[in-house]
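**Q** Pasting the sequence and the predicted model now:
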Amino acid sequence: MNATEQEEREYLEEIKEQLTLAVRRVDDSVRQFSSELREKKEYIHEHQSGMDDADMVAAGQSIDRMAYTGAGAVARKRKLIKLMQSPYFGRIDFTTANDVTTPVYIGVHSFVDERQRRGLIYDWRAPISSMFYDFELGEASYTTPSGPIHGRIDLKRQYKIQDGRLEFLIENGVNIHDEVLQRELAKSSDDKMKNIVATIQRDQNAVIRNEEATVMVIQGVAGSGKTSIALHRIAFLLYRYRDTIGAKDILIISPNKVFADYISNVLPELGEEHIPETVMEELAADLLGNQFQFQTFFEQVAALLEHHNPAFIERIQFKSSFEFLSQLNKYLLHVENNYFSAGELRVGRTVVPRQLLLDKFKAYHRVPLLKRFPLVADDVRAYVRTAANRKLTNGEKNTIGEALTRMFRFNNVLDFYRDFYRWIGRPELFRFEHGQTLEYADVFALIYLRIRLEGISAYDHVKHLLVDEMQDYTPVQYAVLSRVFNCRKTILGDVNQTVNPYSASSAEVIERVFPQADVVRLYRSYRSTIEITAFAQRITPNPNIIPLERHGREPAIVRHPGPAEELEGLRQLVADFRSGGSNSLGIICKTPRQAEQVQQALAEAGGGQLLTEESTHFKEGVIITTAHLAKGLEFDEVIVPFASARNYKTEVDKSMLYVACTRAMHQLTLTYSGDITAFLGA
Ligand SMILES: Nc1ncnc2c1ncn2[C@@H]1O[C@H](COP(=O)(O)OP(=O)(O)OP(=O)(O)O)[C@@H](O)[C@H]1O
């Protein structure tokens with residue numbers, strides 16, 4: 001052990017000692033709080049009869065305050081215990097312009113020596129910690145609320161401390177990030193996504209700490225860390241704006257429940273509370289007031305994969321275009337200008353002129369169309385009251401309301417939506433009968449019309465919206481999100497990983513809906529070995545991709561004489577996996593039906609967990625699923641069965657194949673019988 005290591009080990013022991021003392025102090029205060037709380041409760045119980053309402057309210061408030069402070073102490077203790085396991089992962093020695101050198105140890109939380117008022121560990125999100133990610137040795141600077149601080153980094157170290165023990169320490173070199181990063185990436189997968197605070201890269205750090213963007217769009221290649229970065233960005237914003245934004249003010253729109261569960265640990269690992277999440281279908285049901293039965297996105301994609309239906313594809317393509325959104329907007333203008341056929345209105349002896357009705361209708365142009373009528377009706381009632389110089393009967397009041405509503409062409413959003421297709425001369429593009437299931441492509445268009453015609457008030461509480469898998473949502477969906485969530489947004493995805501190429505959105509399309517967006521493109525790929533990344537490039541080439549220099553086995557393509565032999569081969573591959581050292585194997589099929597078939601075939605060989613649309617979480621081991629559901633997840637090893645020309649032949653199939661192959665971290669195998677799919681090239 002050299003002198004540096006000796007010194008660092010001693011320092012670690014010292015910090016652990018201080019942390020132990022801090023835990024003890026928190027324990028003492030928690031004990032004190034709970035005994036005070038108990039005494040207060042006992043006092044109230046004994047003196048209840050002599051207390052009036054005001055006394056009771058005051059006593060209740062004081063109990064709430066104590067409980068709140070007590071809960072704060074418990075949370076503090078949780079953080080301290082976490083720090084005892086792994087107090088810090090990095091250190092920089094920073095010398096300011098006036099030659100004061102401070103060692104800055106960086107960890108997941110801050111820890112302050114209260115007596116000496118000195119920071120012992122800095123939170124990775126603190127302004128000073130940004131230099132750890134942004135600079136090597138030499139000149140460096142960071143920004144504080146009162147301006148930039150310039151200086152020099154004289155020393156830089158990285159540590160791996162686990163269960164309170166120093167596992168390794170890496171000194172100064174220019175490539176220190178690379179070495180630790182390589183170690184992290186070579187590890188086995190987990191059933192939950194991990195935090196990456198110790199190895200955040202410079203370009204990733206810039207996205208995480210961006211405070212200016214009101215809409216941030218991250219377009220990144222498969223495995224570029226988009227989801228990780230977005231979650232760390234949330235953690236950063238929660239820290240930076242801790243007085244105004246809490247975990248409950250954030251909303252994550254994730255593609256499905258399994259994915260939501262997969263990412264659910266990252267923020268708690270970073271000491272933040274669980275963040276509310278939802279899926280598009282839940283949001284849609286809410287925004288439609290639960291009035292319609294509708295197809296899910298998953299069902300739409302499954303239908304596309306099972307049958308080739310050109311009319312269905314045409315409907316989806318049209319409704320996923322930017323043109324569709326423009327047409328809807330034009331239609332709304334047409335409705336505004338033409339659908340209110342005002343006529344003279346007679347109430348008793350008073351005649352309300354047509355022009356007055358038209359003027360009133362126009363005067364409320366800021367109010368959603370269908371919400372204007374009660375307002376115009378009130379104005380008309382006032383007009384009649386003044387003209388007739390008397391109060392109106394209830395019958396007359398109602399007549400005014402009803403007459404006005406009748407002057408408008410429709411008063412039901414569905415009627416407008418159907419009329420829209422007549423107006424554009426394409427009635428065949430809307431297939432829906434009362435009581436039927438609405439096609440997924442119609443869901444958000446209908447919601448958009450509803451918002452424009454009736455308005456919305458919900459979701460004002462959300463202060464930051466995170467949308468993952470942005471390529472799966474259409475312009476009209478973004479137009480809805482833009483109106484429903486009047487807050488900052490982080491939107492991320494990869495247009496190459498679409499599961500429905502007929503409705504995919506690129507960063508450019510999203511920019512048209514959010515012209516103010518800051519778009520960041522990430523090309524470095526971290527998940528897979530170079531061999532796997534190169535293999536996936538054969539399916540969907542991207543000349544800009546930069547794979548991280550990490551090698552593994554060449555992906556294998558295994559041909560079988562027939563389907564029965566292929567299933568037998570799968571059983572063998574699963575047995576090999578079980579006797580190997582990896583944690584997770586994903587068998588990723590094209591359709592849910594094929595996934596079920598594989599599950600049945602493997603039942604005798606120890607089986608595997610089938611992930612379906614209804615699943616809410618997954619465990620390590622053998623997972624059988626579809627590319628659609630595996631999106632966003634990763635596995636040590638991936639098998640893609642049925643990679644034949646018959647099975648993978650359309651554009652949708654190609655996307656599925658790309659998504660499936662890019663889920664593999666260390667090993668990838670494709671199996672088939674008949675001819676191999678043409679998507680792998682020569
Ligand atoms: N700076 C980093 N340090 C360590 N690991 C990283 C880093 N960046 C990304 N990774 C790892 O790379 C893998 C892919 O990250 P993530 O799932 O966030 O990428 P993604 O771009 O959302 O992927 P995809 O779009 O393919 O689902 C994860 O295992 C993540 O931990």
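**A** In hand now; what should we look at?

**Q** Report the contact partners of the closest residue to the ligand within the chain.
**A** Per C-beta to the nearest ligand atom, Gly225 is where the chain lies closest to the ligand, at 3.0 Å. Where you see a C-beta, it was placed from the backbone N, CA and C, and this is true even at glycine. By C-beta atoms under 8 Å, 6 or more residues apart in numbering, the contact set of Gly225 is 196, 201, 204, 522, 526.

**Q** Equivalent analysis for His365, please.
**A** So His365 contacts Glu336 (C-beta under 8 Å, 6+ apart).

**Q** Backbone dihedrals for it, please?
**A** phi -60, psi -20 (degrees, to the nearest 10).

**Q** same deal with Ile229?
**A** The phi and psi torsions at Ile229 (degrees, to the nearest 10) take the values phi -60, psi -40.

**Q** That one: neighbouring residues, count only.
**A** Using other C-beta atoms under 10 Å, Ile229 is surrounded by 27 other residues.

**Q** do Arg366 as well
**A** 6.

**Q** What is the three-state secondary structure of it?
**A** coil (DSSP: H, G, I helix; E, B strand; the rest coil).

**Q** just checking, His516 touches Val217?
**A** One thing to correct before we go on: residue 516 is Gln, not His. No. Using C-beta atoms under 8 Å, Gln516 is not in contact with Val217, being 10.5 Å away.

**Q** Between these two, point out the one with more neighbours.
**A** For Gln516 and Val217, the more surrounded residue by other C-beta under 10 Å is Val217, and the numbers stand at 23 against 8.

**Q** looking at this, Val301 is in a strand?
**A** No. The assignment for Val301 (three-state DSSP) gives helix, which keeps it out of a strand.

**Q** Next to the ligand, which bits of the stretch 151-300 of the chain? Give me the list.
**A** Residues of the stretch 151-300 of the chain lying close to the ligand by C-beta under 6 Å from any ligand atom are 181, 184-185, 194, 196, 199-201, 204, 220, 222-228.

**Q** could you flag which of the residues you listed are buried?
**A** 181, 185, 196, 199-201, 204, 220, 222-228 (16 or more other C-beta atoms under 10 Å).

**Q** Just the residues you listed: which are in strands?
**A** Gly220 (DSSP state E).

**Q** Now for the contacts of Gly225: which two are most distant?
**A** The distance between the two most remote of the contacts of Gly225 (C-beta to C-beta) is 13.5 Å, for Ile196 and Leu522.

**Q** ok now do Phe318, which residues does it touch?
**A** 324, 426, 429.

**Q** how does it look with 10 Å?
**A** Shown in contact with Phe318 (C-beta atoms under 10 Å, 6 or more residues apart in numbering): 324, 327, 424, 426, 429, 441, 502.

**Q** Which of the residues you listed has the largest number of neighbours?
**A** That'd be Ala441 among the contacts of Phe318, by other C-beta under 10 Å, with 25 neighbours.

**Q** sec struct for the closest residue to Arg118 other than its chain neighbours, please.
**A** Spatial nearest neighbour of Arg118, chain neighbours left out: Val112 (7.0 Å); criterion: C-beta to C-beta, 6 or more residues apart in numbering. Applying three-state DSSP to Val112 yields a three-state assignment of strand.

**Q** what's the spacing between Val112 and Leu80?
**A** Distance of Val112 to Leu80, computed by C-beta to C-beta, to the nearest Å: 11 Å.

**Q** go on, Lys463?
**A** 29 Å.

**Q** ok, now Arg346?
**A** 78 Å.

**Q** ok, now Tyr672?
**A** 55 Å.

**Q** before we move on, what about Glu167?
**A** 21 Å.

**Q** Tell me if stretch 134-144 is near the ligand.
**A** No. Legend: contact between stretch 134-144 and the ligand by C-beta under 6 Å from any ligand atom is lacking; minimum distance shown is 13.6 Å.

**Q** Go ahead and measure how far that stretch is from the middle of the chain.
**A** In terms of C-alpha atoms, centre = their mean, to the nearest Å, the centre of stretch 134-144 is found 31 Å from the chain centre.

**Q** quick one on the thing from earlier: please identify which of Arg346 and Leu80 sits among more neighbours.
**A** Leu80 (21 against 12).
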